[in-house]
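Undergrad: Provided below are the primary sequence and the corresponding predicted coordinates.
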There are 2 protein chains.
Amino acid sequence: MPPAADLGRALVIITGASRGFGRAVAQDVSRAVRPGSALVLAARSGKELRALREELTESEAGRAGLKVEVVTADVGRTEDLEDLLRRSEQVFTEDMDHLVLVNNAASLGDVSRYTRDFTDPGEVDSYLSLNVSSALCLTARVLRAFPQRAGLRRTVVNVSSLCALQPFPSWVLYCTGKAARDMAFRVLAEEEPDLRVLSYAPGPLDTSMQVEARSNTADPKLKKTISDLSAQNQLLSCEESCSKLMKVLLEDRFTSGAHIDVFDV
Amino acid sequence: MPPAADLGRALVIITGASRGFGRAVAQDVSRAVRPGSALVLAARSGKELRALREELTESEAGRAGLKVEVVTADVGRTEDLEDLLRRSEQVFTEDMDHLVLVNNAASLGDVSRYTRDFTDPGEVDSYLSLNVSSALCLTARVLRAFPQRAGLRRTVVNVSSLCALQPFPSWVLYCTGKAARDMAFRVLAEEEPDLRVLSYAPGPLDTSMQVEARSNTADPKLKKTISDLSAQNQLLSCEESCSKLMKVLLEDRFTSGAHIDVFDV
């Protein structure tokens, strides 16, 4: 089966879109959707988001009529979730044939300490709220706002990590959050057979999160491994990894709920 | 290697000890420790806990000097965690050679709805706080209170579930929480080579949680499967499953961090 040439006339919602991988997804998606599509880009930083909107609006897709909405939102806050939903409903049009949600927003958590150092439930609660509850509840709200109907494909992407599958010492928050997310989206895939659910692990990316990991990781062996990836130019660019994600989405042959790693594409 | 005959002169901390599997663990452990040991049993319900203390104090182990402390505690509350730790430190004696923590407390979560119905981040946050953060932070506090030293074995048990590995429709909270816990304890096992970390899935047990699952599960196929288990007498008793856990702990041959299912023992 040859891959579809594009994602259709789509509404695409992307969280954490202002920087890094989320930004690359927004750029790639803008080129992969048909005229009449809309992007809703959410992030906590308004300034970078507005710069991205400007870039996309002036691009070929933008000149051909792609709508780009930006929402300054902390997806961990209910009011902001509501705002993001309202703005998404405003730009949705009945002739759209594809809904895509990319749950990308995430934080690394404090990797400078070991599990035995996480004695404060409030700290773990905050991490899980931002990295698990928010993705789950945003997904639920989007699915309710845009329910199953004839002629509308619906795709939900969970930006995952190798850390969802393998334990990394001193990364307890990140690993726990990513494992939790993968499972939540596997349950969703079981429940909603019409949905296309993908957990995509983008690989070690050349992003600010990687710099944070390189600087702060407590476990010396893991810290060296991460530093070596960078020193030996083995980090992937966001664009490179994102093009693999686009390939998977366009080919549309993955098992719904599957965890797919960039190195398997 | 023949299994050890007992768990040694141990301090054993068990959460969710008032009923079901936690209660069975307390009973079995009381018979598997040497004189001079102490049990610290935590649960939210004081009445059932006190009845259990009475039972254990009057048992053969109790008459031989086993100390049984009960702590009415909600492990999701920091003050209660602190109280549990204080009481544990009070009953610990320098001649103890084994520290055992059994993270058993858990809730099923609302299984009457599907993932698309979980639109409220506060609800998901509360669930993850009680079922993930509390177990992680209690473990951290216990490990800090009783650090590694010569002559002290340390074992941490995470009461897990098949749901940590497999998605069950309409059980998104339970599956997500159990997957998160398994990963947190895998990370812990990587970090602390002296520790023995076990995620034990006790199987479908004849408990009040099972009744709750049977009554409330939204997914009709899963609901039927659960009801059939009960109707066909295929539920395990807590005692039966607990004896398998004791076998694993006494043999002490598991890979630290492993997930072991009752049906594999």
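TA: Received it, and whenever you're ready, just let me know what you need.
Undergrad: could you check the angle helix B:172-191 makes with the top helix by length along chain A?
TA: Secondary structure of chain A per DSSP state H: the longest helix is helix A:172-191. Relative orientation of helix A:172-191 versus helix B:172-191 (axes from the mean of the first three to the mean of the last three CA atoms, to 10 degrees): 150 degrees.
Undergrad: any residue of helix A:172-191 touching chain B?
TA: Yes: shown here: helix A:172-191 in contact with chain B (CB under 8 Å from any CB of the partner chain) through A:172, A:175-184, A:186-191. For every residue, glycine as well, the C-beta is placed using N, CA and C.
Undergrad: could you point out the helix or strand that follows that helix?
TA: strand A:196-201 (DSSP states H and E).
Undergrad: following that following strand, which helix or strand shows up next?
TA: helix A:208-216.
Undergrad: can you list the low-confidence ranges for the stretch 1-150 of chain A?
TA: A:1-3 (pLDDT under 70).
Undergrad: how does it look with 50?
TA: A:1 (pLDDT under 50).
Undergrad: all the helices of it, residue numbers only.
TA: For the stretch 1-150 of chain A, the helices defined by DSSP state H, counting those that start in this stretch cover A:20-32, A:46-58, A:60-63, A:78-91, A:121-128, A:134-145.
Undergrad: okay, angle between the longest one and helix A:134-145 too, please.
TA: Angle, helix A:78-91 to helix A:134-145, by the same axes, to 10 degrees: 40 degrees.
Undergrad: does helix A:78-91 reach chain B?
TA: Yes: in terms of CB under 8 Å from any CB, part of helix A:78-91 sits within range of chain B, namely A:78, A:81.
Undergrad: so what's the gap between that helix and the chain middle?
TA: Offset of helix A:78-91 from its chain centre (CA atoms, centre = their mean, to the nearest Å): 17 Å.
Undergrad: the longest helix of chain A - contacts with which helices or strands?
TA: helix A:121-128, helix A:134-145, strand A:153-159, strand A:196-201, helix B:172-191 (3 or more CB pairs under 8 Å, 6 or more residues apart in numbering or on different chains; DSSP states H and E).
Undergrad: most tightly packed of these?
TA: helix B:172-191 (a mean of 28; mean count of other CB atoms under 10 Å in any protein chain shown).
Undergrad: got the angle between that one and helix B:208-216?
TA: Using the same axes, to 10 degrees: helix B:172-191 against helix B:208-216 is 140 degrees.
Undergrad: in TSV: the helices and strands packed on helix A:172-191, plus distance to residue B:264.
TA: Listed next are these as TSV, based on distance: least, CB to CB, whole Å:
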stretch	distance to residue B:264
helix A:121-128	29
helix A:134-145	30
strand A:153-159	29
strand A:196-201	26
helix B:172-191	15
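Undergrad: so which of these is nearest residue B:60?
TA: helix B:172-191 (32.8 Å; CB to CB).
Undergrad: avg pLDDT for the closest one?
TA: Mean pLDDT, helix B:172-191: 98.
Undergrad: roughly how far is it from the heart of the chain?
TA: Counting by CA atoms, centre = their mean, helix B:172-191 comes out at 13 Å from the chain centroid.
Undergrad: what's the distance between the residue nearest the centre of chain A and chain B?
TA: Taking CA atoms, centre = their mean, the centroid of chain A lies closest to residue A:104, which sits 2.0 Å from it. Applying CB to the nearest CB, to the nearest Å, the value for residue A:104 to chain B is 17 Å.
Undergrad: and stretch A:215-224, how far apart are its ends?
TA: 10 Å (CA to CA, to the nearest Å).
Undergrad: next, count neighbours for the residue nearest to residue A:228 when sequence neighbours are not counted.
TA: Residue nearest to residue A:228 in three dimensions, not counting chain neighbours: residue A:234, with 7.6 Å by CB to CB, 6 or more residues apart in numbering or on different chains. Around residue A:234 there are 11 other residues, counting by other CB atoms under 10 Å in any protein chain shown.
Undergrad: quick check, residue A:234 in contact with residue A:205.
TA: No: with contact defined as CB atoms under 8 Å, residue A:234 and residue A:205 do not form a contacting pair (11.1 Å).
Undergrad: contacting residues around residue A:16?
TA: Shown in contact with residue A:16 (CB atoms under 8 Å, 6 or more residues apart in numbering or on different chains): A:22, A:42, A:43, A:104, A:105, A:106, A:159.
Undergrad: try it again at 10 Å.
TA: Contacts for residue A:16 (CB atoms under 10 Å, 6 or more residues apart in numbering or on different chains) come out as A:22-23, A:25, A:41-45, A:75, A:102-107, A:159.
Undergrad: which ones among the residues you listed map onto strands?
TA: A:41, A:42, A:43, A:102, A:103, A:159 (DSSP state E).
Undergrad: residues touching the fifth one, list them.
TA: Pointing back at residue A:103 there. A:13-16, A:22, A:75, A:131, A:134-136, A:138-139, A:142, A:156-160, A:181, A:184-185, A:199.
Undergrad: find the nearest non-adjacent residue to residue A:198, please.
TA: residue A:157 (5.1 Å).
Undergrad: verify the stated contact: that neighbour with residue A:256.
TA: No: at 11.5 Å, residue A:157 and residue A:256 do not qualify as touching, with contact defined as CB atoms under 10 Å.
Undergrad: quick check: neighbours shared by the two?
TA: A:185, A:196, A:197, A:198.
Undergrad: and the furthest pair within these?
TA: Checking the shared contacts of residue A:157 and residue A:256 with CB to CB, the most distant pair is A:185 and A:196, at 11.1 Å.
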